[in-house]
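Peer 1: with the input below, show me the fold.
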Amino acid sequence: MAKLTVYKPAPHLPAAGLSAPTNGYSAQTRAAEPRKLSAKQKKNPFLRAAFKRLSEIADPHKRGTYLRRLDTVHKSGRRMRSEVWRSLAKITEPLLVRVDIATLCCGYLDEDSGAFKLNTQRGIAQDAGLSDWQLTRLFQMLDGAGYTVRRRKAIWVAGPSHGVGLIKTRTMILFTPLFFRDLGLGWMLERAQTAAQKRRKNELIRIAAQKVQRERTASDQKVHREMRRARYQERSGGSSGSGGPAAAGDVLSKMNARRNPRQADPDPPDQGELPLPASASIDTALVKAVGLRQAIELSRAAKGT
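Peer 2: A predicted model of the protein is given here:
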């Protein structure tokens, strides 16, 4: 029977945000001020045009101009109520602030860890001045029109006291390109998303390079601590009796072997060659001068003569 494999998305993808570890139990507190579009976001032509059209979508004279699928989502044929359009106009800025253009998901990429973090529906509702049930009903309408896709996952969070837990529902809100095409911004979305994906690729490369640099720095610091400890044992006359320059040299050789295994054994023997027995001894200086393979051959020739 074939072994089942569990799909684990890359950390920078929105799907990984559903399974991201939690920071423990924390009460949801409202921010001091609602989030608004920054000056840099307002300079983006795509976001500026989307903000203008969505803000005016509740105007009775412009109803039906954009998002026609939302207006005719009911199977009975009646048009959408005006309350839904007003709610959509209220969440325009909170949504555009949180939407990631590269993935069209409500979230952001953490610059330190390179993981994608999801925004909460409660934060959107609080910034828009809506209740949770009003926002949930609005997203249900958007889901029915094919404008959004939502994925949910229940997560158990440990409580502040022993034996107490909390089940939270984490939701991923993903907009479809159809939403922006029905807004009349399909060509602007394509250009903005291409540029955002290129920036995301460069950003992931930079984050990966920083991670490698941090790991290398931590490894060097660990080796330096071991060398200082060995020198301290030599000066204090430690009971181990193996400190001093020899121990420091061993630490340095281990560091070089861990960084570059080929450098520790520049000329390894072929797989077909048998290694020397444990009783055989090879001059270390000879190995450093001619390499391990030639030193083994010279040692065997000397034993044969």
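Peer 1: Thr72: neighbour count?
Peer 2: Residues near Thr72, counting by other C-beta atoms under 10 Å, number 14. Using the backbone N, CA and C atoms, a C-beta is placed for each residue, glycine as well.
Peer 1: typo on my end, Gly64
Peer 2: As a measure of burial, Gly64 has 14 neighbours, counting by other C-beta under 10 Å.
Peer 1: could you look up the SS state of it?
Peer 2: Judged by DSSP: H, G, I helix; E, B strand; the rest coil, the three-state class of Gly64 is coil.
Peer 1: return the residues in contact with the nearest residue in space to it that is not next to it in sequence.
Peer 2: What sits nearest to Gly64 in space, not counting adjacent residues and going by C-beta to C-beta, 6 or more residues apart in numbering, is Asp71, at 5.5 Å. Listed by C-beta atoms under 8 Å, 6 or more residues apart in numbering, the contact set of Asp71 reads Arg63, Gly64, Arg79, Met80.
Peer 1: in the stretch 101-250 of the chain, which ranges drop under the pLDDT threshold?
Peer 2: 158-165, 238-250 (pLDDT under 70).
Peer 1: give me the domain ranges for the chain.
Peer 2: Split into domains by automatic domain parsing, the chain comes to 14-184, 210-267+280-304.
Peer 1: could I get the ones you listed in CSV, plus columns for distance to Gln197?
Peer 2: As requested, the domains of the chain are arranged in CSV below (distance: least, C-beta to C-beta, whole Å):
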stretch, distance to Gln197
domain 14-184, 5
domain 210-267+280-304, 20
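Peer 1: most packed of the ones you listed?
Peer 2: Among those, the stretch with the highest mean neighbour count (mean count of other C-beta atoms under 10 Å) is domain 14-184, at a mean of 15.
Peer 1: distance between the ends of that domain?
Peer 2: Length of domain 14-184, first residue to last, C-alpha to C-alpha, to the nearest Å: 26 Å.
Peer 1: quick one: Ile155 and His74, what's the gap?
Peer 2: Distance, Ile155 to His74, using C-beta to C-beta, to the nearest Å: 34 Å.
Peer 1: relative to Arg225, how far out is the residue nearest to Gly64?
Peer 2: 67 Å.
Peer 1: residue boundaries of the helices in the stretch 51-200 of the chain?
Peer 2: 68-71, 82-90, 92-98, 121-128, 132-145, 177-182, 186-236 (DSSP state H, counting those that start in this stretch).
Peer 1: residues contacting the nearest residue to Arg181 once chain neighbours are set aside?
Peer 2: Once flanking residues are discounted, Arg181 sits nearest to Leu189: 7.4 Å by C-beta to C-beta, 6+ apart. The neighbourhood of Leu189, defined by C-beta under 8 Å, 6+ apart, consists of Phe46, Pro177, Phe180, Arg181.
Peer 1: need the contact list for the nearest residue to the first one once chain neighbours are set aside.
Peer 2: By that I understand Phe46. Among residues not flanking Phe46 along the chain, Ala192 sits closest, at 3.9 Å (C-beta to C-beta, 6+ apart). Taking C-beta under 8 Å, 6+ apart, we find Ala192 in contact with Asn44, Pro45, Phe46, Leu47, Ile101.
Peer 1: adding secondary structure and distance to Glu56, write these out as CSV.
Peer 2: Formatted as CSV, the contacts of Ala192 follow (DSSP: H, G, I helix; E, B strand; the rest coil; distance: C-beta to C-beta, whole Å):
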residue, secondary structure, distance to Glu56
Asn44, coil, 19
Pro45, helix, 17
Phe46, helix, 17
Leu47, helix, 15
Ile101, coil, 21
